[in-house]
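Trainee: Sequence first, predicted model second:
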Amino acid sequence: MLYAIISDVHSNLEAFSAVLRKIDSLKVDTVFLLGDIVGYNANPNECINIVRQKGIVSIVGNHDQRVCGLKEPNDFNSIAKDAVVWTREILTEENLEFLKSLPDTMLLPDKSAIAIHGSLTDNADSYILSPWIALKNFNKMEEDPSLPPLCFFGHTHIRLLYHYTRQKVLTIHEDEVFLDPTEMYLINPGSVGQPRDRNTKASFLTFDTEKHLINFFRVPYDIKSTCNKILKAGLPRELAERLTLGW
Ligand code: ZN
């Protein structure tokens, strides 16, 4: 099977559409989304509608949880909180219910990998931002026999691959990586709608389950249109600026 793994769309319709066009050209079997369909940018209903219409399989992200009322945004910074409040008001009742219905985690159909938004140790709200935190997650994978040796995560908006040799954690930034099925991996596809690795292009990956092959992709999109929509909607100006910086 060829799977596409995407994350952190964040209501960015232009980036989402560009990534889906690329995915279509790759003849992918199924698209999995690691949460945060909404938040920050200006097209939340349009992005949720695409997820629902295309049958993209998604888990819930920390912004999704706050927008649909599963959690309150009190711990968010003021810019993120403003976007949550704005999104809550504009979302249709159906789309709010859809966000509420999303699961916290999922196993891929062949059980080769688990998908989470934040981390295995504290799910949607905590970040895997260092090899040290990755190690804690690898330890959890070692301790729990129900967990596969491969985990896809999002939330940091930074694409990378952690490889655990069972002695040390390696941080890999290559575009193409063959996995050793006897070792362990934590893999982040980066963000579709708000990349934060100083690269403004939308980010995602594909996973070929037979070849044990990961390929990372970057896709250009019409950032100017997305920024104009953010400003027109009255969302914080900083949300437009950061898209032009990839941060
Ligand atoms: Zn996010």
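Mentor: Yep, it's here. Numbers count the residues shown, from 1 in each chain.
Trainee: could you show me where the strands are in this structure, in order?
Mentor: 2-6, 30-33, 57-58, 106-107, 114-115, 150-152, 160-164, 169-172, 176-178, 184-188, 202-208, 213-219 (DSSP state E).
Trainee: From residue 37, how far out is residue 144?
Mentor: 28 Å (CB to CB, to the nearest Å). Where C-beta positions appear, they are placed from N, C-alpha and C, glycine not excepted.
Trainee: is it possible to export the strands of the chain to a markdown table including mean pLDDT and mean neighbour count?
Mentor: What follows is the strands of the chain, written out as a markdown table (pLDDT from 0 to 100; neighbours: other CB atoms under 10 Å):
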| stretch | mean pLDDT | mean neighbour count |
| --- | --- | --- |
| strand 2-6 | 98 | 23 |
| strand 30-33 | 98 | 21 |
| strand 57-58 | 98 | 22 |
| strand 106-107 | 96 | 16 |
| strand 114-115 | 97 | 22 |
| strand 150-152 | 98 | 24 |
| strand 160-164 | 98 | 20 |
| strand 169-172 | 98 | 14 |
| strand 176-178 | 98 | 12 |
| strand 184-188 | 98 | 24 |
| strand 202-208 | 98 | 23 |
| strand 213-219 | 98 | 19 |
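Trainee: Need the pLDDT of the nearest residue to residue 88 once chain neighbours are set aside.
Mentor: Leaving aside its sequence neighbours, residue 88 sits nearest to residue 67 (CB to CB, 6 or more residues apart in numbering; 5.5 Å). For residue 67, the pLDDT comes out at 98.
Trainee: wait, what's in contact with residue 67?
Mentor: Residue 67 makes contacts with 38-39, 44, 84, 87-88, 91, 96, 99, as judged by CB atoms under 8 Å, 6 or more residues apart in numbering.
Trainee: biggest separation within those, which pair?
Mentor: 39 and 96 (13.5 Å; CB to CB).
Trainee: Comparing those two, which residue is more hemmed in?
Mentor: Neighbour count, other CB atoms under 10 Å: between residue 39 and residue 96, residue 39 has more, with 27 against 19.
Trainee: how close does that one sit to residue 143?
Mentor: From residue 39 to residue 143 the distance is 32 Å (CB to CB).
Trainee: same question, residue 173
Mentor: 28 Å.
Trainee: So for these two, which sits in the more crowded spot?
Mentor: residue 173 (11 against 8).
Trainee: Roughly how far does the more buried one sit from the ion?
Mentor: Separation of residue 173 from the ion (CB to the ion, to the nearest Å) stands at 20 Å.
Trainee: now do residue 141
Mentor: Per CB to the ion, residue 141 is found 23 Å from the ion.
Trainee: Tell me the spatial nearest neighbour of that residue, not counting adjacent residues.
Mentor: residue 147 (4.7 Å).
Trainee: what do you get for residue 64?
Mentor: Using CB to CB, 6+ apart, the closest residue to residue 64 is residue 99 (4.7 Å).
Trainee: Lovely, talk soon.
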